[in-house]
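Asks: Got a predicted model here, sequence first, then my questions.
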Amino acid sequence: MIEQIKTFKTNALAIEVIDGFTETDEKLAQKFFKEKLDEGFETVNLLVSINEYKISNTNAKAFFEDIIFVLRNYKNLGHLAIVGHSKLIKALVPLDNFFFKRLGEGKEERYFDVSQLEEAFEFITE
């Protein structure tokens, strides 16, 4: 399940993935993203909180649809903040950021611990 954890009048979007990720969740995430673009923003800065996410409860089709959506809309993706409490994800984000920054000037991906949620909000609203 996903839900919007905070709303912004800017190009920022903050969602939380709770438990698993389904096709319905993927469609809702796309809707939130498209709404920001429809508001006239060229890019969307995205915060994804995965603290309560369980990968074992994720629908494979939804996962791959999400990847395809991101690839198709990459030019519209701004900063990316990943919020969680995982040493593995914390280690992987800098590797992913290496490619993320190379594919788009001015784009940055950062990991934030759940205790740094306010900092993550600041990052996506810069």
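Replies: Arrived safely. Numbers count the residues shown, from 1 in each chain.

Asks: And the helices in the chain?
Replies: Here the chain has its helices, by DSSP state H, at 23-38, 60-72, 87-103, 117-125.

Asks: Tell me which residues touch the spatially most central residue of the chain, please.
Replies: The centre of the chain sits closest to residue 48, judged by Cα atoms, centre = their mean, with a distance of 3.9 Å. Residue 48 makes contact with 15, 16, 17, 80, 81, 82, 83, according to Cβ atoms under 8 Å, 6 or more residues apart in numbering. (Each C-beta comes from the backbone N, C-alpha and C, glycine too.)

Asks: The third one and residue 25 touch, don't they?
Replies: Yep, that's residue 17 we're talking about. Yes: taking contacts as Cβ atoms under 8 Å, residue 17 lies within contact range of residue 25: 7.3 Å.

Asks: Quick check: neighbours shared by these two?
Replies: With Cβ under 8 Å, 6+ apart as the test, residue 17 and residue 25 both reach 1, 2.
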